[in-house]
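> would you be able to build a 3D model of this:
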Amino acid sequence: MRIGRARPRCRCRARSCQQTYDPVPLYRRASPRFSCHHSRMTRSERLLAILDYLRGRTQPVTAAQLAEHFQVSERSIYRDVSSLNRRGARIDGSAGVGYVFREGYFLPPLAFTAEEAAAILLGLRFVLRRGDAQLAEAARLARAKIAATAPATFGPGTERAVPLLVAPRRPKLSDARLQALRQAIASERVVALSYEDADGRLTERQIWPVAIGWCEEVEIVGAWCALRGAFRTFRLDRVRGLDVLDQPFPQPRQALLAAYLKHEPGIQL
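Numbers count the residues shown, from 1 in each chain. Okay, here's the model as predicted:
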């Protein structure tokens, strides 16, 4: 039984690249033919791709991860990041931690695929229908800005072509209280809460809110509860009173959020 040799991998050697190639016959004395989307990317395209890649990440990305993704050396990544910073991009980085993209750098207009446009429109529609008045207004402004930069995808009449609908919000908490809760999360301030539990008992609590969530039937806030000494998920329809205190969180919100998500594995950002 004859067993053939496995087809050689692409020269980029990336674990994520599945491209193979057929060697050129030896009598041609030429290098093997190969191609993948990594090897065809120019440096200018890679610079924009690095910006786009970092912009979509909430956690630091190391040079090794970028090198693996774009199939270049880490030294090339160092040069690329340095070049981007010289051109006005705000990319922070430190040894052993990685790179983080800071907002404030103007990026050229982006071209969206039909699926990408549908995803963006669905997200905007959700905020318009389910968020408070302040968030809804922000979504309308964002939609207008996106339409101005990508009129072919988000221009008049194109939204109706996306058959994705969002049910309207059933108000559980007043807009003023919801906005106060969001501001407390952003400013990392403790919140005094009057909360009615499932048995109808009213309790007074101090919480460190870290995130607000919209479920199918209810709106929730994830928080550390000082009364229980543990993370809890509170239904906003059971909140009877809310007061933002001039008292900071004892720990950074990002650390609390990471701990909360570990405590509630079924909830994802």
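> low-confidence bits of this structure, can you list those?
1-40, 103-111, 148-149, 151-173, 216, 268-269 (pLDDT under 70).
> all strands for it, in order.
Secondary structure of the chain (DSSP state E): strands located at 91-94, 98-101, 189-196, 202-214, 219-225, 230-235, 239-248.
> quick check: which of these is buried the most?
Ranked by mean neighbour count, these are led by strand 219-225 with a mean of 22 (mean count of other Cβ atoms under 10 Å). All C-beta atoms are positioned from the backbone trio N, CA, C, and that covers glycine.
> report all helices and strands that that one contacts.
strand 202-214, strand 230-235, helix 253-263 (3 or more Cβ pairs under 8 Å, 6 or more residues apart in numbering; DSSP states H and E).
> got the domain ranges for the protein?
Per the record, the chain has its domains at 43-101, 114-161, 175-263, by automatic domain parsing.
> just give me how far the second one sits from the chain centre.
On the basis of Cα atoms, centre = their mean, to the nearest Å, the separation between the geometric centre of domain 114-161 and that of its chain is 17 Å.
> likewise for stretch 238-253?
25 Å.
> can you give the contact residues for that stretch?
173, 177, 180-181, 183-185, 188-197, 202, 206, 208, 210, 256 (Cβ atoms under 8 Å, 6 or more residues apart in numbering).
> could you measure from S73 over to A95?
Look at S73 and A95: by Cβ to Cβ, to the nearest Å, they are 17 Å apart.
> of these two, who's got more company?
S73 (11 against 7; other Cβ atoms under 10 Å).
> quick one: residues contacting the residue lying closest to that one once chain neighbours are set aside.
Once flanking residues are discounted, S73 sits nearest to A67: 6.0 Å by Cβ to Cβ, 6 or more residues apart in numbering. Counting by Cβ under 8 Å, 6+ apart, A67 touches 73-74, 76-77.
> ok, now with 7 Å
A67 is in contact with 73-74, 77, counting by Cβ atoms under 7 Å, 6 or more residues apart in numbering.
> before we move on, the earlier item: could the strands of the chain go into TSV alongside distance to A63?
Listed next are the strands of the chain as TSV, based on distance: least, Cβ to Cβ, whole Å:
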stretch	distance to A63
strand 91-94	8
strand 98-101	7
strand 189-196	37
strand 202-214	30
strand 219-225	33
strand 230-235	35
strand 239-248	34
